[in-house]
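# 3D, please:
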Amino acid sequence: MPENVLESSYLRARRASRVGAACMYALAVVLLAILVLTWLGTRPADSPAAPLVGLLVRNVAAIAATVLLAEFLRKFGSEGSPFGSGQSLRLALAGALLLVHTLFDALFSPTAYAVRLVDAPVPVSVGSWSGIDPMTISLAVFFVCLGMVVRYGRALKEDSDSIV
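Have a look, this model is predicted:
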């Protein structure tokens, strides 16, 4: 592949990863705001603690996974290599957190809540169903496997750097 085509592909990938990281961070902020508003709206004294703990763990896992994936993209955008230090761990942890999220979805029945913004009720869905979401499990397994591939890629890169 000619060097100028390779360089332009590399620059596009870095730019796209920076935009993707910004979007993922924005999503994490939105998820955090939804969690806080939902938590504040569901704290009656007679409310059982278990669903609230499930709500908290489920959503913190989703926020943490989103931040880890944003960090993966940010590191690629700033360092220019998907094989940087800690990249495989970020992907594997994001996959594990998605599995935690799915497990808590199965254990605790998610409930939709209404949050008032500017005197109009806006429905905020914390989770739309209880049970196991096969798509989330697929993504979790994919991220864990992709983390292993990135770790292998880093080993190959280190090996080729030592040859040169």
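# middle-most residue in this structure, spatially?
By Cα atoms, centre = their mean, the chain has its centre lying nearest to Thr66, at 2.3 Å.
# What are the buried residues along the one helix or strand it maps to?
Thr66 belongs to helix 49-79 when elements are defined using DSSP states H and E. Buried residues in helix 49-79, counted by 16 or more other Cβ atoms under 10 Å: 54-55, 57-77. C-beta here means a position set from N, CA and C on the backbone, and glycine is covered the same way.
# What ranges in this structure fall below the confidence cut-off?
1-2, 42-51, 80, 109-131, 164 (pLDDT under 70).
# Could you rerun that using 90?
Within the chain, the ranges that satisfy pLDDT under 90 run 1-11, 13-14, 31, 33-59, 75-86, 101-137, 150-151, 153-164.
# Helices along that one, start to end?
3-41, 49-79, 87-107, 134-163 (DSSP state H).
# Please compute how far the longest one lies from its chain's middle.
Read that as helix 3-41. Distance of helix 3-41 from the chain centroid (Cα atoms, centre = their mean, to the nearest Å) equals 10 Å.
# Show me what it is packed up against.
Here helix 3-41 touches helix 49-79, strand 112-117, strand 120-125, going by 3 or more Cβ pairs under 8 Å, 6 or more residues apart in numbering; DSSP states H and E.
# That helix to helix 49-79, inter-axis angle?
160 degrees (axes from the mean of the first three to the mean of the last three Cα atoms, to 10 degrees).
# So which bits of helix 3-41 are buried?
Here helix 3-41 shows 14, 17, 20-21, 24-25, 27-28, 31-32, 34-35, 37-38 as buried, counting by 16+ other Cβ under 10 Å.
# So which of the residues you listed is the closest to Arg154?
When the buried residues of helix 3-41 are compared for distance to Arg154 (Cβ to Cβ), Ser17 wins out at 17.0 Å.
# What values do phi and psi take at Ser84?
You called it Ser, but residue 84 is Gly. Note on Gly84: its backbone torsions stand at phi -60, psi 170 [degrees, to the nearest 10].
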